[in-house]
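[1] model this:
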Amino acid sequence: MPFFLFLFSHFFVYRLAKSSLLPSPSPFFLSEGVHQSSLGWSPVYPFDNLGVISIGFLLGNKDEAVVWRGPKKNGMIKQFLKDVHWGDELDYLVIDCPPGTSDEHLSVTSFLGASSPDGAIILTTPQEMSLLDVRKEVNFCRKVKMPIIGVVENMSGFVCPKCSTETAIFPPTTGGAEKMCAEMEVPFLGRLPLDPDMMQCCESGTPYLAGIHTCEPEELDARIAHESNARVNFRKVLTSCIQILDQA
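    Next up is the predicted model:
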């Protein structure tokens, strides 16, 4: 049974096998084209176990602006969900949406309503300016009866690679995501610090973590022992999400 997740960030659709590592779409493969077959659109595969579909793949110029009104955006979202051939086996379908509670979110929840999505993972940063929007997203999920898997606090501090001093780049002036989750009674999944390596992986399209499902426990423990604190935190958050989904 496939899982459906909603990540409130930018609109991409991912097909992940369980051994995938959740890299961000690299600008280097945004130039790839989407091919049409008798089964539908074929997603772009930067890795054997990761397929991606994006409006960026359909543009003639990667710098072109997409100036669309609601009906045209909704039509494209429906095509992404209905006309893309994701293959015979699907472990996770991740829909990465823009921030807020706009047409995109309503369209996705409407089109996938009959599929009973497992829920939404909501991303925020620690400062109150971001939490103001996230509270609305939590209430949006409740109004459309979308289960909330949890909230992740991103950009939560920066650890200097030279002296190991941690600095709160975005201070949690009102208690951050953890306090908000306690007040709104939603799960808090953890914090992800700023990490220059993450940026480099996103730019190059390379995996940030060693595969959780592709390593034996002993090998995985050995790799974790040599990982940075940022990677350890990322792995904990990702493992928590997978455990919740496996129980769904």
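[2] Ser130: helix or strand, and which one exactly?
    In this structure, Ser130 sits in helix 128-143 according to DSSP states H and E.
[3] buried residues, that helix. List them.
    Residues 130-131, 134, 137-138, 140-141 are the ones in helix 128-143 that count as buried (16 or more other C-beta atoms under 10 Å). (C-beta placed from N, C-alpha, C; glycine too.)
[4] just checking: what are the partner strands of the strand or helix carrying Val94?
    If you go by DSSP H and E, Val94 is part of strand 92-97. The strands beside strand 92-97 in its sheet (DSSP bridges) come out as strand 3-8 (parallel), strand 12-16 (antiparallel).
[5] could you tell me the least trusted of the ones you listed?
    When the strands paired with strand 92-97 are compared by mean pLDDT, strand 3-8 comes last with a mean of 42.
[6] show me what contacts Ser156?
    Applying C-beta atoms under 8 Å, 6 or more residues apart in numbering to Ser156 gives the contacts 125-126, 170, 176-177, 191-194.
[7] what about 7 Å?
    Residues in contact with Ser156, defined by C-beta atoms under 7 Å, 6 or more residues apart in numbering, are 126, 191-193.
[8] looking at this protein, which helix or strand does the model trust least?
    When the helices and strands of the chain are scored by mean pLDDT, DSSP states H and E, strand 3-8 comes last with a mean of 42.
[9] distance of Asp103 from Ser110?
    10 Å (C-beta to C-beta, to the nearest Å).
[10] looking at the two, which is more packed in?
    A side-by-side neighbour count of Asp103 and Ser110, using other C-beta atoms under 10 Å, places Asp103 first with 16 against 13.
[11] farthest from the middle of the chain: give me that residue.
    Distance from the centre of the chain peaks at Cys163, with 30.8 Å (C-alpha atoms, centre = their mean).
[12] wait, is that one part of a helix?
    No: assigned with DSSP: H, G, I helix; E, B strand; the rest coil, Cys163 falls outside any helix and is coil.
[13] picking up where we left off before, what packs against the helix holding Ser130?
    Helix 128-143 sits against strand 119-124, strand 148-159, helix 176-184, with contacts defined as 3 or more C-beta pairs under 7 Å, 6 or more residues apart in numbering; DSSP states H and E.
[14] tell me which strands and helices the last one is in contact with?
    Right, the one you point to is helix 176-184. Applying 3+ C-beta pairs under 7 Å, 6+ apart, we find helix 176-184 packed against helix 128-143, strand 148-159, strand 188-194.
[15] using CSV, lay out the ones you listed together with mean pLDDT.
    Output for the helices and strands packed on helix 176-184, formatted as CSV (pLDDT from 0 to 100):
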stretch, mean pLDDT
helix 128-143, 92
strand 148-159, 90
strand 188-194, 91
